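Peer 1: Take this sequence and fold it.
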Amino acid sequence: MAKFQESVNTLSDFPEAFALCQEEPWILRDVRSMPIENYRLFYHVDHDKREVFILRVFYYRPIVQQLADINTFKDFTLQAHTIRWPNGVDFAPEFIKSLQ
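Peer 2: Prediction:
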C-alpha cells in the first residue's frame, strides 16, 4: 500500500507525467493512466482547479490483457459459479456483481 500511496503522491507535482489513454471511453474524457505494480490507476487533471481526480483503479496484469483476443476470451469454462480461462484468469461471481 505504501508503494501505491507514494505513486499517487507524485501526481501533485507531475500530474501530466503519464500519457492520455487512447482507448474508449477514457479518450473522450481526457483521462490518464498510471501503472502501479499489478494495478492501473485512471485519473483526470482539472487544470482550472489545479486538482487531480482519481477515477478508478483496476487490477491489471498482462495475463488479463490476453482476454482482449476474442478467441482467447471465448475459451472459458464455468466451474463452481466462477468463470475461468485456461491461462489462469478467473472471475468470481461477487466480482462480476460488483461491476454492475
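Peer 1: For stretch 83-90, buried residues please.
Peer 2: Buried residues in stretch 83-90, counting neighbours by 16 or more other C-beta atoms under 10 Å, are found at 85, 89. In short, each C-beta sits where N, CA and C put it, glycine included.
Peer 1: Stretch 22-41 now?
Peer 2: 26, 31-34, 40-41.
Peer 1: What segments of the protein are helices?
Peer 2: In the chain, the helices defined using DSSP state H lie at 2-9, 62-65, 70-74, 93-98.
Peer 1: Compare the ones you listed and report which one is nearest to Cys21.
Peer 2: Nearest to Cys21 among the helices of the chain is helix 62-65 (14.4 Å), distances taken as C-beta to C-beta.
Peer 1: model confidence over that closest one, on average?
Peer 2: On average, the pLDDT along helix 62-65 is 74.
Peer 1: Need the contact partners of that helix.
Peer 2: Helix 62-65 is contacted from outside by 87-89, using C-beta atoms under 8 Å, 6 or more residues apart in numbering.
Peer 1: same thing with stretch 26-33?
Peer 2: Residues contacting stretch 26-33 (C-beta under 8 Å, 6+ apart): 15-16, 18-21, 40-45, 55.
Peer 1: Which single one of the residues you listed is nearest to Gln66?
Peer 2: Nearest member of the contacts of stretch 26-33 to Gln66, counting by C-beta to C-beta, is Arg40, at 15.6 Å.
Peer 1: how far away is that closest one from Ile54?
Peer 2: With distances taken as C-beta to C-beta, to the nearest Å, Arg40 is found 12 Å from Ile54.
Peer 1: Great, nothing more from me.
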